[in-house]
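> My questions concern the predicted model and sequence given below.
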Amino acid sequence: MLLGPSDKAGAKASVAIAPAAHQLFEVVRDHYGARLALVFGNEAREGLCPYYRAGRCFHCDVGAGEGGAFDGEANAARLAFFEARYAAIWPGLVHLVLYNSGSTLNIQELSSVSLERIIAFAARLPEVREVSLDSREPYIVARTLDTLAQGLRPDQRARPIIGLETADDHRREILLSKRMPRSAVERAFAAVGEANARHGQGRFGVDVNVVIAGPGTEVGCDVSAAEDAAATARYVYELGVRHGVAVDLNAHPYYLSSRSRERFAGHPRCSLSAAVAGVRALVAERDAAPRVCRGGIYVGWEDEGFDTERESRADLLSRAGEAFERFNQTLDPSALDGLQASQT
């Protein structure tokens with residue numbers, strides 16, 4: 001079934017109640033327990049992430065959205081679809097992850113009515129303790145964080161997601177064109193720390209995306225990939241300690257999307273050995289960090305539908321995925337032993 005909401009320019013665009021297959025995830029397990037990602041529609045003009053529209057984030061195809069602008073009615077219908085589709089898993093779900101092809105905390109991309117409706121649903125899930133919300137640093141502010149605290153149960157933790165990718169300013173600001181200065185990232189961490197002070201320590205955390213072996217790292221060099229991942233983890237753990245915020249890392253081995261293939265033609269996907277080296281580096285930094293800032297680490301090995309080499313590498317993705325799944329649950333790097341030898 002399709003809905004056809006009007007965008008801000010008055011044009012009609014049909015949007016699907018159900019996400020496309022590559023955005024319709026199944027339950028997996030992470031450090032906390034059963035985990036499920038839900039993708040809602042972007043309510044900005046034409047359904048595009050404003051940063052994608054502005055020609056930023058050169059490695060990312062996600063911001064292209066779903067081919068049309070959503071509105072509150074369409075997202076309410078999608079929520080009803082999710083409620084029915086996953087009815088059997090809601091009673092045991094522990095970690096809910098929310099996406100919308102952009103920033104869920106930007107009122108232009110997900111209205112306050114839509115966000116509050118989704119958060120109210122999350123609050124009804126009996127075992128959910130962790131709620132991660134994809135966003136960007138400008139939208140992680142007191143008003144929005146207070147809305148999350150008021151909508152979720154006291155035993156649930158809200159975790160805005162920041163797509164930092166790398167702590168290297170040149171790689172992030174210039175190569176990837178993230179336009180994400182350290183001062184803005186640090187303001188977001190400060191806002192989360194202040195929200196914990198208002199609503200109770202532990203009500204909020206931060207998830208940080210880390211790209212392994214992305215543009216700017218030395219091609220074919222596992223050491224370069226590991227050093228960049230380690231420096232990124234060290235930076236955000238330092239912010240976590242400074243502001244009393246637990247930090248979870250989402251590790252994403254770099255792959256070739258349509259956009260990144262065009263922009264970074266000479267930079268190949270992250271090799272399996274570099275992915276393992278990067279994850280081991282993240283574990284080492286986590287182990288060395290003060291306990292107050294330690295969250296989990298989740299490796300998104302094949303959770304993206306924008307990988308242009310996915311079909312040709314399906315066998316490797318599957319075989320390696322089993323090891324990464326074990327790691328995601330245990331955070332034990334020994335789960336990755338022997339993976340390099342299996343790379344083809």
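Okay, I see it. Just so it is clear, the structure is predicted and the values come from calculations on it, not from any experiment.
> which strands and helices sit next to the helix ranked longest in the chain?
Scanning the chain for the longest helix, with DSSP state H as the assignment, gives helix 222-243. If you count contacts as 3 or more CB pairs under 8 Å, 6 or more residues apart in numbering; DSSP states H and E, helix 222-243 packs onto strand 157-165, helix 182-199, strand 205-212, strand 246-253, helix 272-288. Using the backbone N, CA and C atoms, a C-beta is placed for each residue, glycine as well.
> Using TSV, lay out the ones you listed together with mean neighbour count and mean pLDDT.
What follows is these, written out as TSV (neighbours: other CB atoms under 10 Å; pLDDT from 0 to 100):
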stretch	mean neighbour count	mean pLDDT
strand 157-165	25	97
helix 182-199	18	98
strand 205-212	26	98
strand 246-253	25	97
helix 272-288	22	97
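> where does the protein have low pLDDT?
Low-confidence segments of the chain (pLDDT under 70): 1-13, 302-304, 340-344.
> can you map out the helices along it?
Listed in chain order, the helices of the chain (DSSP H) span 50-53, 72-85, 112-123, 142-151, 169, 182-199, 222-243, 258-263, 272-288, 314-330.
> Could you pull out the buried residues of the second one?
Put plainly, it is helix 72-85. For helix 72-85, the neighbour count (16 or more other CB atoms under 10 Å) marks G72, A74, N75, A76, A77, R78, L79, F81, F82 as buried.
> Need these in a markdown table (columns: distance to L176).
Formatted as a markdown table, the buried residues of helix 72-85 follow (distance: CB to CB, whole Å):
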| residue | distance to L176 |
| --- | --- |
| G72 | 32 |
| A74 | 30 |
| N75 | 29 |
| A76 | 34 |
| A77 | 34 |
| R78 | 30 |
| L79 | 32 |
| F81 | 33 |
| F82 | 31 |
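> if we take the residues you listed, which one ends up nearest to V15?
A74 (5.3 Å; CB to CB).
> Surely that closest one touches P19?
No: in terms of CB atoms under 8 Å, A74 does not count as a neighbour of P19; the distance is 11.6 Å.
> ok so, going back, ok, which of the helices of the chain comes nearest D207?
Nearest of those (CB to CB): helix 222-243, 9.8 Å.
> Pull the distance from the closest one to the chain's centre.
Centre-to-centre, helix 222-243 and its host chain are 17 Å apart (CA atoms, centre = their mean, to the nearest Å).
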